[in-house]
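J.: Just need the structure, nothing else, for what follows:
(one chain, ligands or ions: 1)
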Amino acid sequence: MRLDKFLCDMQIGTRSQVKEAIRKSLVSVNGVPVKSPDIKIDEKKDIVTYAGEEIAYQNLYYYMLHKPAGVITATRDHHEPTVMDLLTDVCGKDLAPVGRLDKDTEGLLLITNDGELTHKLLSPRKHVAKTYYVECSGVLTAEKQRLLENGVDIGDRDLTCPASVHMISQSDHSYVMELTITEGRFHQVKRMVEAVGGSVTYLKRLSMGTLSLDDGLAKGAYRPLTAKEISDLKQSTKRASAR
Ligand code: URA
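T.: Presented below is the predicted three-dimensional model:
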């Protein structure tokens, strides 16, 4: 495998960033600094270091995307742009979004080929918390807020699970809140707001489990997760348990 591809696959940076790192002599192979991004390495045997740290071989990849409105959450589509079209310089086969955000919803979307983590994050038994910034039309009385928090009928067999509401602002005809839910039902946030007589005018996901949307990521931009973000997410899905 080419050295620059290996470093990109190990999420040291994009192709252009790793080429730059190699030119700056930040990369060594078996203890020898290298200057050429296209040398071939045996990724399973050679010891590659970046800035003095050994880079262990792995083939699972994790990206945080700031999903903009107007793209659909799918791996491919014949008619509409998908979130995968935004990931122009990534590594890894079989990358897919974890869960679904509506076409008009913005915010945090995790994209990975780690099927085990995806399964755990989406498992209804794990109750992974997802926090949304929600702008709504309508009025949320204390009674309606309690309904959202305790469980509301959105037309499914069961009421929604307990949720938490943090009110940010309120006027006579609209309100803005942060809503944390631990399920992932179809159009759940919009249906919850509708069930208490309002309507969502803007929706953005801020976090999923321990992973929060990076403030520095512009809409449409993405970056690899850090090693800590990956290990925190994995740890949290071990702890999150059936209720
Ligand atoms: N709930 C919704 O209604 N839409 C989303 O995109 C995510 C959660």
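
J.: Can you name the element that comes right after the longest strand along the chain?
T.: In the chain, assigned by DSSP state E, the strand with the most residues is strand 199-208. Using DSSP states H and E, the helix or strand that follows strand 199-208 towards the C-terminus is strand 211-212.

J.: what residues does that following strand touch?
T.: When contacts are defined by Cβ atoms under 8 Å, 6 or more residues apart in numbering, strand 211-212 is touched by residues 64, 108, 110, 206, 225, 229, 232, 233. For the C-beta atoms, the positions are set from N, CA and C on the backbone; glycine is no exception.

J.: could you redo the last one with a cut-off of 6 Å?
T.: 229, 233 (Cβ atoms under 6 Å, 6 or more residues apart in numbering).

J.: Sheet-wise, list the partners of that strand with their directions.
T.: With DSSP bridges as the test, strand 211-212 is paired with strand 199-208 (antiparallel).

J.: For residue 243, give me the pLDDT.
T.: For residue 243, the pLDDT comes out at 48.

J.: cool, residue 162 as well?
T.: 97.

J.: swap in residue 136?
T.: 98.

J.: which residues does the residue in the chain sticking out farthest from the centre bridge with?
T.: Using Cα atoms, centre = their mean, the residue of the chain lying farthest from its centre is residue 32. It sits 36.8 Å away. When bridges are called by DSSP bridges, residue 32 pairs up with residue 29.

J.: Just the C-alphas of the longest strand of the chain, formatted as CSV.
T.: Extracted in CSV, the C-alpha atoms of strand 199-208 (Å, rounded to 0.1, in the frame of the first residue of the first chain):
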residue,chain,number,x,y,z
SER,A,199,-44.8,22.6,14.2
VAL,A,200,-41.0,22.4,13.7
THR,A,201,-39.6,25.3,11.6
TYR,A,202,-35.9,24.4,11.9
LEU,A,203,-34.2,21.3,13.2
LYS,A,204,-30.5,20.6,13.9
ARG,A,205,-28.9,17.7,15.7
LEU,A,206,-26.3,18.8,18.2
SER,A,207,-25.2,15.5,19.7
MET,A,208,-25.5,11.7,19.6
